[in-house]
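Asker: Okay, here's the prediction I keep looking at, along with the sequence it came from:
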Amino acid sequence: MPGAPDSPVLLHVPHSSRAIPADVRSGIVLGDAELGRELDHITDAYTEDIAAEAAAAAGRAPWRFVNGLSRLVVDPERFPDEREEMLAVGMGAVYTRTTHRAELRPAGFDPAPLVERYFAPYARAMTDAVAERLAAAGRVVIVDVHSYPTRALPYELHGEGPRPPVCLGTDAFHTPPALLAAAREAFAGIGEVGTDTPFAGTYVPLAHYGRDPRVTALMVEIRRDRYMTEPGGPPNEGVRALGAALAALVDAVTGARAAGG
């Protein structure tokens, strides 16, 4: 979704959708009610709305890259190979287990067709989007927009740590101190802002990962009780407040003034 022609900011929203194509649904062993409950837990609901609020409020509109399919189709933020630590709980690029570690896809399921059909094109498209922003602005700031439940779910490998209202995920190469500081200031009004707990890291396309310092990145994880009824319930006024905070971060990294400000 286009923003200002010279904006370096790319808001990435990978986990907001519940959509699963029928042919992919047929490979999931859960009944419809069970699948609905799983989607309630696994979906970063309304994060696309938070990004949209930010895009509308920012002085220089960011670009947005929003996944139109559920992460139960493929998770575009996982490593597609043995580097992915979430393989330990059946949640690599293609999930085989649920948030509660129950069976999602049958034993022996071959993830390769889904990786080829969905994961690889997504990765190429995101890589292209980053290249376009580099060409237009000379740098890229990827802000990964996520949410997480108030209480840890069984699939979480590091769920025992603090769960602040806002968690900022960082990368040693791609997250400069100034970007982290700007995010801390922008989200201070939401509540306590933590770093790399309960989730760490951020998303950068593999073509640039660890190689291109012009590509900076930060993950913003929002605790869901700040803007919705958990799990899977309606949003509340927190969506607008979080959108404003995200817009403040966008403005800080672009040097723009907020709309109307």
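Answerer: In hand now; what should we look at?
Asker: Start and end of stretch 57-65, how far apart?
Answerer: 17 Å (Cα to Cα, to the nearest Å).
Asker: again, but for stretch 196-207
Answerer: Note: stretch 196-207 ends 24 Å apart using Cα to Cα.
Asker: buried ones in it?
Answerer: Counting neighbours by 16 or more other Cβ atoms under 10 Å, one finds that the buried residues in stretch 196-207 are Asp196, Thr197, Pro198, Phe199, Ala200, Gly201, Thr202, Tyr203, Val204, Pro205. C-beta coordinates here come from the backbone N, C-alpha and C atoms, glycine included.
Asker: of all these, which comes closest to Ala247?
Answerer: Checking those against Ala247 by Cβ to Cβ gives Thr202 as the nearest, at 19.3 Å.
Asker: Who are the contact partners of the closest one?
Answerer: Counting by Cβ atoms under 8 Å, 6 or more residues apart in numbering, Thr202 makes contact with Ile142, Asp144, Gly169, Thr170, Asp171, His174, Thr175, Ala217, Leu218, Met219.
Asker: Likewise for Cys167?
Answerer: So Cys167 contacts 148, 193-199, 219-223 (Cβ under 8 Å, 6+ apart).
Asker: before we move on, what about Pro234?
Answerer: Pro234 is in contact with Met228, counting by Cβ under 8 Å, 6+ apart.
Asker: I'd like to know how far it sits from Leu72.
Answerer: 22 Å (Cβ to Cβ, to the nearest Å).
Asker: Make a markdown table from the buried residues of stretch 196-207 and add distance to Pro5, pLDDT and secondary structure to it.
Answerer: Shown next, in a markdown table, are the buried residues of stretch 196-207 (distance: Cβ to Cβ, whole Å; pLDDT from 0 to 100; DSSP: H, G, I helix; E, B strand; the rest coil):
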| residue | distance to Pro5 | pLDDT | secondary structure |
| --- | --- | --- | --- |
| Asp196 | 34 | 96 | coil |
| Thr197 | 37 | 94 | coil |
| Pro198 | 37 | 93 | coil |
| Phe199 | 33 | 92 | coil |
| Ala200 | 33 | 93 | coil |
| Gly201 | 30 | 94 | coil |
| Thr202 | 25 | 95 | coil |
| Tyr203 | 24 | 95 | coil |
| Val204 | 23 | 96 | coil |
| Pro205 | 21 | 94 | coil |
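Asker: I'd like the residues you listed as TSV, with distance to Ala57 appended.
Answerer: Conversion of the buried residues of stretch 196-207 to TSV gives the following (distance: Cβ to Cβ, whole Å):
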residue	distance to Ala57
Asp196	27
Thr197	28
Pro198	28
Phe199	25
Ala200	28
Gly201	27
Thr202	23
Tyr203	23
Val204	26
Pro205	27
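Asker: What is the nearest of the residues you listed to Ser16?
Answerer: Tyr203 (14.1 Å).
Asker: Would you mind measuring from the closest one to His12?
Answerer: Counting by Cβ to Cβ, the separation of Tyr203 from His12 is 6 Å.
Asker: now the nearest residue to Ala57 once chain neighbours are set aside: how far from Ile222?
Answerer: Using Cβ to Cβ, 6 or more residues apart in numbering and skipping the chain neighbours, the partner closest in space to Ala57 is Ala247 (3.8 Å). Ala247 sits 14 Å away from Ile222, taking Cβ to Cβ as the criterion.
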